[in-house]
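>>> coords please:
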Amino acid sequence: MEQSEACTLSVVIPLFNEEESLRELTQQLLAVLEPYAHGSFEVLFIDDGSNDASLYILRSLHANDPRFKVISFRRNQGKSAGLAVGFARARGTYVVTMDADLQDDPAEIPALIATLEQGYDLVSGWKKVRHDPLEKTLPSRLFNAVTSSVSGIKLHDFNCGLKAYRREVVKSVRVYGEMHRYIPALAHWEGFRVTEMPVQHRAPKYGSSKFGASRYIKGLLDLMTILFTTRYVKRPLHVFGTIGMLLALLGLGIDGWLSVEWFLGLTSLSNRPLALLGVLLIIVGVQFVSMGLLAELIVKNSIYSFEQANYPTKEELL
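Reported below is the predicted structural model:
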């Protein structure tokens, strides 16, 4: 439940098994936020079911300074769940997200907020110089290029954890599944002004990456999901109908051409597999159009209610 007392800045940090970095990260945050926000800040650590000493350390940090708050999931839910819960609890006029592994530099926060104050609603960090191995940077570049092309918003680094938001953005954008990678696109489609800013990316200091190559495959599938559920959710016939009409027209063209040849005695249809392909394309096209019409009926008769996902927590220190 969102608390009533407001503050200037909320920092939301999802984490999983980051026991080595938490105390150092806290000191870095204090060094930046105390003079910048004049004490009017909160840091929300979202412990994503860690099985190391992370929660023990977070309890200690909260006991020493209640502005460092803790929400701990009973089991691992994923980064999107952590951000969704953090966004729901955040009380700040501005909200900053970052990772807990010390690769994001808290010293970038004032510059991110200054960019917001130029009239933007969301500022996404751009790790222009990355300290990651080639097997991470190359797939990331391909992923960002595809996402930028499909989503219509030109960013170099969708997946950077360091971002700054106005409060109304985090209260409007719905994050679930693996959608955290596409928050800039979701905000853009909601009409918010989005930009990016180069940020420092530090070399990993502790442990190793907790994300495998499969995240890029999942990410592209999620991109298809948000394209359909945000841009076409109220007009599904535009998707299914367009595909269906193209397939049906292609099938009609093939069979029409073969029919003319048969009528002129130039060929026999009995030994032309292409004729069967044309019939198949027409049938599949009609099915796609029918799916679009059924989806339209469902949409027109549905009542939409967007509720905050219920992620079971075992502890909250707020």
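
>>> which residues of the protein fall in helices?
Here the chain has its helices, by DSSP state H, at 22-37, 54-64, 79-89, 109-116, 134-151, 167-170, 183-189, 214-226, 236-263, 273-300.

>>> low-confidence ranges in the chain?
Where the chain drops to pLDDT under 70, the residues are 1-5, 131-136, 207-235, 269-270, 296, 299-312.

>>> so what are the domain limits for it?
Under the assignment automatic domain parsing, the domains of the chain span 7-231, 236-300.

>>> just put these in a markdown table and tack on mean neighbour count.
C-beta: built from backbone N, CA, C; applies to glycine. Shown next, in a markdown table, are those (neighbours: other CB atoms under 10 Å):
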| stretch | mean neighbour count |
| --- | --- |
| domain 7-231 | 18 |
| domain 236-300 | 15 |
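
>>> would you list these in TSV and tack on distance to residue 316?
Converted to TSV, these look like this (distance: least, CB to CB, whole Å):
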stretch	distance to residue 316
domain 7-231	5
domain 236-300	37
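
>>> closest to residue 313 out of those domains?
Closest approach to residue 313 among these (CB to CB): domain 7-231, 5.7 Å.

>>> out of the domains of the chain, flag the one nearest residue 318.
domain 7-231 (4.9 Å).

>>> quick one: that closest one to chain centroid distance?
A distance of 10 Å separates the centroid of the chain from that of domain 7-231, by CA atoms, centre = their mean, to the nearest Å.

>>> residues in contact with stretch 20-34?
9, 11, 13, 15, 18, 41, 43, 45, 54, 57-58, 61, 65, 68, 100-102, 105-107, 109-110, 205-207 (CB atoms under 8 Å, 6 or more residues apart in numbering).

>>> and with 6 Å instead?
41, 43, 57, 61, 100, 101, 102, 106, 107, 109, 206 (CB atoms under 6 Å, 6 or more residues apart in numbering).

>>> of these, which belong to strands?
Using DSSP state E, the members of the contacts of stretch 20-34 that fall in strands are 41, 43.
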